[in-house]
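Asker: quick one: sequence plus predicted model below, questions after.
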Amino acid sequence: MATIEEELNLARQAKAAIEARRSREMIEILRKATRMATEQIVLSSADPLNDARHNVGIAVPPYTAEQRQPTQGEIVKAKNAIETWIREVEAATP
């Protein structure tokens, strides 16, 4: 399990990646961020940070599909999920 600082760092990398031009490197960063977010979910805890992690796990994968371009709606949903994740991780940072 990653530390909260590692999670925040990767969340910020994901935000920068999703705002950059679509590339193989950007897709890999987003996939790594999605894996981390979903692996960090604490099943016994229902809180805003877990909700944000869950939303990243749902919203980002369609954006990383290489066989097609994401729709504008998928882009907005992924960006919003990442921004919320960052806010919630920052709030949980000691």
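Answerer: All right, it came through fine.
Asker: identify the residues contacting the longest helix along the chain?
Answerer: In the chain, with assignment by DSSP state H, the single longest helix is helix 72-92. Helix 72-92 is contacted from outside by 4, 7-8, 11-12, 14-15, 18-19, 30, 33, 37, 48-49, 51-53, 55-56, 58-60, 62-63, 70, using CB atoms under 8 Å, 6 or more residues apart in numbering. The way it works is simple: take the backbone N, C-alpha and C, and place the C-beta from them, glycine included.
Asker: show me those residues that map onto strands.
Answerer: Assigned to strands by DSSP state E, none of the contacts of helix 72-92 qualify.
Asker: buried ones among the residues you listed?
Answerer: For the contacts of helix 72-92, a burial check counting by 16 or more other CB atoms under 10 Å picks out 7-8, 11-12, 14-15, 18, 30, 33, 37, 49, 52-53, 55-56, 59-60, 63, 70.
Asker: pull the number of nearby residues for Met26.
Answerer: The number of residues packed around Met26, counting by other CB atoms under 10 Å, is 19.
Asker: which ones are touching it?
Answerer: Contacts for Met26 were tallied using CB under 8 Å, 6+ apart; they are Ala17, Ile18, Ala20.
Asker: over to Ala52?
Answerer: Applying CB under 8 Å, 6+ apart to Ala52 gives the contacts Ala37, Ala81, Thr84, Trp85, Arg87, Glu88, Val89.
Asker: low-confidence stretches in this structure?
Answerer: Filtered on pLDDT under 70, the chain yields the residue ranges 44.
Asker: residue boundaries of the helices in it?
Answerer: Going by DSSP H, the chain shows helices at 4-19, 24-39, 48-59, 72-92.
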